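# coords below, sequence missing:
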């Protein structure tokens, strides 16, 4: 069975990508492997006393992110597509590409809308990094607002 890596960040665009990936997976008879890359600095704050680490903040954020991943996984499975998920910490593009290679993925599905800078707004900085470095086919799905 073919494998599609689907990075999600729980933005509105992620949910558009999920719908696209479900359709694509059905078309090519593939499973979807969801990945969310959490920030490595969750729980760290800087204040008058310098950097401080609050493990409960990190724990709560990770619980939330796992809960969201599970919700997306349930949606995909409800649509009749095999699905699993993983939460990792690290640099997003490198972590996603390492995971895709580990799983011998056939495709990576990413969105075209970024968050900053003119070029990044057009195609997305994470998407740009993944398409530059990937040896696996990357499908870039337009996720621009309709207006």
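Nice, I can see it. Since the structure is predicted, the reported quantities are computational estimates derived from the model, not experimental observations. Residues are numbered from 1 along each chain as shown.

# quick one: buried residues of the longest helix along the chain?
For the chain, the helix reaching the highest residue count under DSSP state H is reported as helix 55-78. By 16 or more other Cβ atoms under 10 Å, the buried positions in helix 55-78 come out as 58, 62, 65, 68, 69, 72, 73, 76. Any C-beta I mention is one placed from the backbone N, CA and C, and that applies to glycine too.

# ditto for stretch 23-34
In stretch 23-34, counting by 16+ other Cβ under 10 Å, buried: 24, 25, 30, 31, 32, 33, 34.

# what's the spacing between that stretch and its chain's center?
15 Å (Cα atoms, centre = their mean, to the nearest Å).

# Residue numbering should commence at 10 henceforth.
Done: numbering now begins at 10, and the last item shifts to stretch 32-43.

# residues making contact with that stretch?
Outside stretch 32-43, the residues within contact range by Cβ atoms under 8 Å, 6 or more residues apart in numbering are 10-17, 30-31, 78, 81-82, 85, 88-95, 108, 112, 114-116, 118, 148.

# Now with 6 Å, please.
10-15, 17, 30, 78, 81, 85, 90-94, 112 (Cβ atoms under 6 Å, 6 or more residues apart in numbering).

# Kindly write the ChimeraX command that selects the buried subset of those.
Buried members of the contacts of stretch 32-43, defined by 16+ other Cβ under 10 Å, are picked up in ChimeraX with:
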select :12,13,14,15,17,30,78,81,85,90,92,94,112
